[in-house]
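what follows is a predicted structure for the sequence shown.
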Amino acid sequence: MADEILVTGARGAVGRAALEALVRRGARVRALTRRPGPAGLPDGVTSVTGGDLTRPGSLAPALRGVSALLLVVVAGADVRAVTAEARRQGVRRVVLISSGGIHDDVAEQPDPLAARHARAEDAVRESGLEAAVLRPRWLNRNALWWSAALRSGRPVRLAYPEAVTAPVDERDVAEMAAAELLADRPGPDPRILTGPQILSQADQLAIIGEVTGAAARWERIAPQDWRRELQDHVPVEVLDVLLEQQATLTADRIGISTETERVLGRPASPFREWVRRHRGAFVAD
């Protein structure tokens, strides 16, 4: 469908993987980066610098000549203005990476992060562009939060080790985005994306230990202590959301999505395979 595609969030895990997926499919791709300098982009990708989703008017040069846009929302982005600028520049389709934390058919979202993504979804759907929304749930790469402790041999400190998710590989999210960007027409909206298995945080650490040989130990700490330890590294609003989610995440509240298999023709990638690819993050040199 798209003769040239613009990918935002190109330095992020999903954005970078989407660039690779699109190049493999033979697409012509531009990567939006806010700052000049080496971006480590895949061969064949054009880097466009200076565009900023928080300043939609700055995006005009990057959007000119583009027919499809992969939109990864950042804090402060005015998605309504971004999609309006995209339409002015001739973009026809937008694929939004949203959040599996959104609740449908509610007057108010349960937390600020879900509310931000819900506003972005509304803006995309009301933009007049062909629109597709992907809602990945917990990403595998969130396990990298534990890498420093594991590399040093310390136990990972968890407030809710029994909290479960169905973590999804960022490469699967990216492959799904590429498929939507290049499809003849957008697919069902939204598409909920999960991995193939329900795992607690303790389960994930056990798998990391099995795959890497690391002493993947954990210890339970009080929620307020967990929050205090991370508040200098993670926005407090994010920590509060995570604590609330973890306190209520049980297996009977988690569903496994089959969207990846339906669209890509293969099962979603297991967490174990993701750990194999990222082994170096969890073991000391």
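Okay, I see it.

and the helices in the stretch 1-150 of the chain?
Assigned by DSSP state H, counting those that start in this stretch, the stretch 1-150 of the chain shows helices spanning 13-24, 60-63, 79-88, 112-125, 147-151.

centre of the chain versus the lowest-mean-pLDDT helix or strand in the chain, how much separation?
Every helix and strand of the chain was ranked by mean pLDDT, DSSP states H and E. The lowest is helix 236-248, at a mean of 85. Centroid separation for helix 236-248 versus its chain: 17 Å, with Cα atoms, centre = their mean, to the nearest Å.

and that helix, what's buried?
Buried residues in helix 236-248, counted by 16 or more other Cβ atoms under 10 Å: 239-243, 245-246. Just so you know, the C-beta spots here come from the backbone N, C-alpha and C atoms, and that holds for glycine as well.

and the residues you listed as TSV, adding distance to A166?
Formatted as TSV, the buried residues of helix 236-248 follow (distance: Cβ to Cβ, whole Å):
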residue	distance to A166
L239	22
D240	22
V241	18
L242	16
L243	19
Q245	13
Q246	14
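
just name the closest of the residues you listed to G90, please.
For these, the residue nearest G90 by Cβ to Cβ is V241; the value is 37.1 Å.

which element is A178 on?
In this structure, A178 sits in helix 170-182 according to DSSP states H and E.

which residues touch that helix?
Applying Cβ atoms under 8 Å, 6 or more residues apart in numbering, the set of residues contacting helix 170-182 from outside is 1-2, 5, 13-18, 20-22, 25, 27, 68, 70, 93, 95, 97, 132, 134, 136, 139-141, 186-187, 191, 193, 195, 259-260, 263-264, 268-269.

these, buried ones only, as a PyMOL selection?
Those of those that count as buried under 16+ other Cβ under 10 Å are selected in PyMOL with:
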select buried, resi 1+2+5+13+14+15+16+17+18+20+21+22+27+68+70+93+95+97+132+134+136+139+140+141+186+187+191+193+195+259+260+263+268+269
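
which neighbours does the longest strand seen in the chain have in its sheet, and in what orientation?
Of all segments of type strand in the chain, defined using DSSP state E, the longest is strand 130-136. Strand 130-136 has the following strand partners under DSSP bridges: strand 93-97 (parallel), strand 191-193 (parallel).

how big is the angle separating it from helix 79-88?
Our comparison of strand 130-136 with helix 79-88, counting by axes from the mean of the first three to the mean of the last three Cα atoms, to 10 degrees, yields an angle of 140 degrees.

mean confidence for strand 130-136?
Across strand 130-136, pLDDT averages out at 96.

and what of stretch 67-74?
Computed over stretch 67-74, the average pLDDT equals 92.
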